[in-house]
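In: Test case, fold it:
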Amino acid sequence: MLSLSYTHLITSKLLLEVRGGWNRFAEGFSPQDNNFNPASIGLNTGITNPQDFGLPQISFGDGTSGLGGNNSLPRHRFDTNWQYFTNLGYNTGKHNFKFGYEYRRTTVNQFYDLGYRGRLKFATFEDFLAGTMTNGGSQFSGDSQRTTHQNNDGFYFQDNFRLTRKLSLNYGVRWDYFGVIYEDGNRFSLFNPATATLALVGKGSGPSQLYPRDLNNFAPRFSAAYDLFGSGRTVIRAGWGIYYDAFSQDFFIGHFPFNTFNPGPAYNGIGPSAISSTSLSTDTPVTIAPGVPIFTGFAPTTDAWTVDQKIRTPYIQNFNLNVEQAIGKAMALQVGYVGSAGRKLFRFRDLNQANPTTGNLPFPAFNIINQFESTAASNYHSMQVSWKLRNWRGLTSQLSYTWSHSIDNASDGEDFVPNAAQPDNSLNPGAEKASSNFDARHRLTWMADYALPNSSRAKLLTNGWSLNGLLRISSGQPYNLNSFSNYNGSNEFFERPDLIGNPFTGTGGPGKLLNLGAFAAPCDWDPVNNTCAGGQHFGNLGRNAFTGPDFHNVDLSLIKDTKLNDRVKMQLRADFFNIFNHPNFSNPFLPNFLVNLENNATVAPRPGDPKCALSNGPNFVGCRAVGQGFLPTTATPDNAIGYPFLGGGGPRDIQLAVRFSF
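Out: Numbers count the residues shown, from 1 in each chain. As a prediction, this is how the structure comes out:
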């Protein structure tokens, strides 16, 4: 990383600042068994490149824990950024004008070998021991190295204007151009629905660029602060502004959706660096033999990514109004409304989603065709209250409370959790409107720092003591309940079920969050073949229909500061995290970032349903397959997120420390 800056006071009122910088970031992920070649034990996955060594991903249909690393590995990238800023400030007394320009160039050089180690699916662990696959498998191959770049420009103007002694205004406008992203080898491609074909970007008769330029990113903003009585004790503040989001290169070269291993439009099955794939039949059992290639018949992948040619830069309007009142000399209370409205937000959907009734694909030559687009929206409203106490008889404290509700129809441009970006039904994305993934209706934080009174006796022992406390209370966040067996026939292989009863019957505690008997597969069931017999449809369960556990935590610290001499200070401290040892449990979608109905229950025909009687023969119309048992959550937030302490909520922990400063 390198940064240079130059500041020059041109006149007493005019200031020039020039800054530039360069930084490079490298990040790579490999499976822990990346030095193991499966061919050494006779498991011939066809891999010759050592960077793709490691066991294939092995899964079992009977719920047995799988083997091998996840199929998003290995991957590695280098991010290089150049930045240049010029700012000019002019102060007239009442006005403080600022003008500026920013240039940024970002380059990403990466390989992304998703699915290259292969996936093997066994019905049972016994089938695995016998080497017989009936549930299929798949593998991808090809040169995944890609280099992309983007140039961004931005201009701004701003003025802080003290209109009167009571009223100050802040207003300005910013214009941003987020440049179109290019791939150095012209390996981006787009899908043309009119011809049902892929075309390389920037080559031949294909499109000249990945998506249209958006030159309309003007972002005005305005705020005001008014001293109501001129005493500085009652202040009213209000503000509004528009803010634009950038086009992240990850959205075009780094996707990891649930319905395909294709990470973006730079990895379609076209061109000199086309990605190829193969899959194993689920109709005919495949027996693994030592040294015999498991995967053959590679062809350009039929999974594709494309970009909506009407895509625009996402933006959000932020607005707020608050009143702050001083109470006495040491206390202040602030009450405010804060809201936002996001429009043209990123999401993606499958243009080739199968018709659940017929199973037909709109474009039969392809499998998945994900389209990245800016068609989502969000709204946020909140009441925010804060109370501050400053150095009152040794006590400093702050209490903050927020009541809020965030609503959207896509909470991210990427599906880190199911339905965050891709709808359950790509033909009806409006049905995804629900509480945002990150919505938390109530949040309360109370911090306090009390300096114990000093004494004139035994100062070394009695002086310098303080007590700190932190209380955090938060509502739980929403989550989905999904299945991953293509019950609805959409070909996405993750879907929401039907709600057929009360999901809270018999529930209680972290071991029984939901009664899974209230959920049914969205199809008619054949109990003989243990699969859907027809009647496939999209489930009636809405997105983010349920809320995870609340969070309550109290931390406490006892601190002793001692001045050893004029230059050296010593601090002794004892920190008590979760001092009351209160059990907190994570949202059930952690640590796997999904809640899988099949992993937490047996999906079987409803007990006692006469339509499911085996004597009914092949006609099982109306039979329902329902979940059995309860959905649990068993991990604390810190362990579930994989970062102890950062996630919070673990059991009581005591830390003793000494610190010297000089």
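In: who touches the closest residue to D214 other than its chain neighbours in this structure?
Out: Setting aside the residues directly before and after it, D214 is nearest to T313 in space (CB to CB, 6 or more residues apart in numbering), at 4.7 Å. For every residue, glycine as well, the C-beta is placed using N, CA and C. By CB atoms under 8 Å, 6 or more residues apart in numbering, the residues touching T313 are D176, F178, D214, N216, N217, Y244, D245, F247, K344, S374.
In: Now tabulate the residues you listed in CSV and tack on pLDDT.
Out: CSV is the format used below for these (pLDDT from 0 to 100):
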residue, pLDDT
D176, 97
F178, 96
D214, 96
N216, 96
N217, 97
Y244, 97
D245, 95
F247, 91
K344, 98
S374, 97
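In: so where does L460 fall, helix or strand?
Out: Secondary structure from DSSP states H and E places L460 in helix 459-462.
In: now S382
Out: Using DSSP H and E, S382 falls in strand 369-392.
In: Okay, buried residues for that strand please.
Out: 369-380, 382, 384, 386-389 (16 or more other CB atoms under 10 Å).
In: Stretch 125-143 now?
Out: Quick answer for stretch 125-143 (16+ other CB under 10 Å): D127, F128, M133, T134, N135, G136, G137, S138, Q139, F140, S141, G142.
In: go on, stretch 445-452?
Out: Counting neighbours by 16+ other CB under 10 Å, stretch 445-452 gives W446, M447, A448, D449, A451 as buried.
In: ok now that stretch, how far from the chain's centre?
Out: 34 Å (CA atoms, centre = their mean, to the nearest Å).
In: Pull the residues that contact that stretch.
Out: Contacts for stretch 445-452 (CB under 8 Å, 6+ apart): 394-401, 465-473.
In: ok, of these, which come out buried?
Out: T396, S397, L399, W465, S466, N468, G469, R472.
In: Could I get the average pLDDT for stretch 506-521?
Out: For stretch 506-521, mean pLDDT is 92.
In: From the rest of the structure, what touches that stretch?
Out: Contacts for stretch 506-521 (CB under 8 Å, 6+ apart): 481, 483, 485, 487, 497-505, 532, 541, 546, 548-549, 583, 585, 588, 597, 600-601, 603, 606, 624-634.
In: following the one helix or strand N151 maps to, which helix or strand shows up next?
Out: If you go by DSSP H and E, N151 is part of strand 146-162. Using DSSP H and E, the helix or strand that directly follows strand 146-162 along the chain is strand 167-178.
In: and the angle from that following strand to strand 146-162?
Out: 160 degrees (axes from the mean of the first three to the mean of the last three CA atoms, to 10 degrees).
In: elements contacting strand 167-178?
Out: strand 146-162, strand 218-227, strand 234-244 (3 or more CB pairs under 8 Å, 6 or more residues apart in numbering; DSSP states H and E).
In: gap between the helix or strand following it and the chain center?
Out: Downstream of strand 167-178, the first helix or strand assigned by DSSP H and E is strand 182-183. Taking the mean of its C-alpha atoms, strand 182-183 sits 25 Å from the chain's own mean (CA atoms, centre = their mean).
In: Using neighbour counts, pick out the buried residues of the helix or strand that strand 182-183 is followed by.
Out: Where DSSP H and E defines the elements, the next helix or strand beyond strand 182-183 is strand 189-192. Neighbour-count burial for strand 189-192 flags S189, L190, F191 (criterion: 16+ other CB under 10 Å).
In: and strand 189-192, what does it pack onto?
Out: strand 197-200, strand 304-307.
In: who does that strand pair up with?
Out: strand 197-200 (antiparallel) (DSSP bridges).
In: Now do the strand it pairs with: distance to the chain's middle.
Out: 30 Å.
In: do stretch 410-424 as well
Out: 8 Å.
In: Now it: buried residues?
Out: 410-415, 417-424.
In: Do me a favour and get the end-to-end distance for that stretch?
Out: With CA to CA, to the nearest Å as the measure, the ends of stretch 410-424 fall 11 Å from one another.
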